[in-house]
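Enquirer: Just a sequence and a predicted model for now, questions to come.
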Amino acid sequence: MKIRDLFGHSDKTFSFEFFPPRDEVSAVDFGINVGQLIKLNPSFVSVTYGAGGSGQEKTFTLVDFLQNKIGLTTMAHYTCVGSNREKIFNDMQYLQKLGIENLMLLRGDPPAGSVSFQAPKDGFSHASDLIRFVRDNYDYSIGGAAYPEKHPEAPTLEEDIGHLKEKYQSGSDFLITQLFFNNEAYFSFVKLARERGINCRIIPGIIPITSYAQINRFANMTAAHIPHELHEKLEEYKDNPDKIYQAGIDFSIGQCRDLLEKGAPGIHFYTLNKSRAAVEVFESLNL
């Protein structure tokens, strides 16, 4: 089923993001985690791959497995990195043959060591261009990325929303945000987007906090602001993994409840292939 068609049946969707297991041990772990998350009956799941296009082939294999063996509505991530028009065309045909109907189309991160993004020869520099190319040639349901606290490379939030409108006008059916911890930033962002004529669903992306190092790393990568109260707790418990985990879960539960109560159209969980935290947060919402 196309994700855009799900919206006609439910005012809220709940989804989970995975990445392909790196080795055999991780694959066993992954299988256990997916088994636990399936019981939650997610609206859809998505599968990403690494910077520089690493792991794309494994992503295709995993979306095939989740869609056709497990029976989940599955969305494949796809980026501009390393893909010229011919490759994109061939990859889209391949995914179509697999029965995949949903794509998250992104510019993607440059390979490690690269200072800036360089478009491949006969490829694309922006997600909006990739979205337009796929929309013009195929009937996928297309998702795009949004940044409530602006993309790290954007000079201003206003300019970033201008780029977001290009993604929307190019053919995005919905948007999923990068992780954030400040709900006011999300709702303010949605308001600004609506004022600019971006009328599709903007689904908040949430990462349950499970470790001190993890959350600081992701916050630095995305420029997400960590609220003072949460930062103090993380600092206080940084040498106590159990307390960090509980404090993080408690915060994520409160954040998700607040988002839903104030009208967010669901939650997209960045699981990092770990089910325990996502399950605990989801089940606490009593949906």
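Expert: In hand now; what should we look at?
Enquirer: His225 against Ala185, yeah?
Expert: Yes: taking contacts as C-beta atoms under 8 Å, His225 lies within contact range of Ala185: 7.0 Å. Quick note: C-beta positions are derived from backbone N, CA and C, even for glycine.
Enquirer: quick one, which of these two is more surrounded?
Expert: For His225 and Ala185, the more surrounded residue by other C-beta atoms under 10 Å is Ala185, and the numbers stand at 18 against 15.
Enquirer: mind listing what the more buried one touches?
Expert: Listed by C-beta atoms under 8 Å, 6 or more residues apart in numbering, the contact partners of Ala185 are Pro148, Glu149, His225.
Enquirer: which one of those residues is nearest Phe133?
Expert: Using C-beta to C-beta, the shortest approach to Phe133 within these belongs to Pro148, at 26.7 Å.
Enquirer: Phi and psi next, for the closest residue to that closest one other than its chain neighbours.
Expert: Nearest residue to Pro148 in three dimensions, chain neighbours excluded: Phe189, at 4.1 Å (C-beta to C-beta, 6 or more residues apart in numbering). Here the main-chain torsion angles of Phe189 (degrees, to the nearest 10) amount to phi -60, psi -50.
Enquirer: Need the per-residue pLDDT for Phe189.
Expert: The confidence metric pLDDT takes the value 97 at Phe189.
Enquirer: circling back: reformat the contacts of Ala185 as JSON lines; add secondary structure.
Expert: What follows is the contacts of Ala185, written out as JSON lines (DSSP: H, G, I helix; E, B strand; the rest coil):
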{"residue": "Pro148", "secondary structure": "coil"}
{"residue": "Glu149", "secondary structure": "coil"}
{"residue": "His225", "secondary structure": "coil"}
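Enquirer: helix, strand or coil for Ala219?
Expert: Assigned state for Ala219: helix (three-state reduction, three-state DSSP).
Enquirer: sorry, back to before: between His225 and Ala185, which contacts overlap?
Expert: Contact criterion C-beta under 8 Å, 6+ apart; residues shared by His225 and Ala185: Glu149.
Enquirer: wait, is Gly143 part of a strand?
Expert: Yes: under the criterion used here (three-state DSSP), Gly143 sits inside a strand.
Enquirer: Run a quick neighbour tally on the residue nearest to it when sequence neighbours are not counted.
Expert: Residue nearest to Gly143 in three dimensions, not counting chain neighbours: Met104, with 4.5 Å by C-beta to C-beta, 6+ apart. By the measure other C-beta under 10 Å, the count of residues near Met104 is 24.
Enquirer: Pull the contacting residues for Met104.
Expert: Counting by C-beta under 8 Å, 6+ apart, Met104 makes contact with Ser46, Thr48, Met75, Ala76, His77, Tyr78, Ile142, Gly143, Gly144, Ala145, Ile176.
Enquirer: quick one: secondary structure of the first one?
Expert: Classification of Ser46 into helix, strand or coil gives strand, according to three-state DSSP.
Enquirer: Show me the beta-bridge partners of the nearest residue to it once chain neighbours are set aside.
Expert: Sequence neighbours aside, Met75 is the residue nearest to Ser46 in space, at 4.1 Å (criterion: C-beta to C-beta, 6+ apart). Met75 forms beta bridges with Ser46, Asn102, as assigned by DSSP bridges.
Enquirer: quick check, the residue nearest to Gly143 in a strand?
Expert: Yes: with three-state DSSP as the criterion, Met104 is part of a strand.
Enquirer: how much space between it and Met1?
Expert: When C-beta to C-beta, to the nearest Å is the yardstick, Met104 and Met1 sit 16 Å from each other.
Enquirer: would you list every one of the strands in the protein?
Expert: For the chain, the strands identified by DSSP state E occupy 13-18, 44-47, 74-79, 102-106, 141-146, 174-179, 201-206, 266-270, in order along the chain.
Enquirer: among those, which is nearest Ala247?
Expert: Put simply, out of the strands of the chain the one that sits nearest Ala247 is strand 201-206, at 15.5 Å, with distance taken as C-beta to C-beta.
Enquirer: what's the neighbour count on Arg276?
Expert: Count around Arg276 with other C-beta under 10 Å applied: 14.
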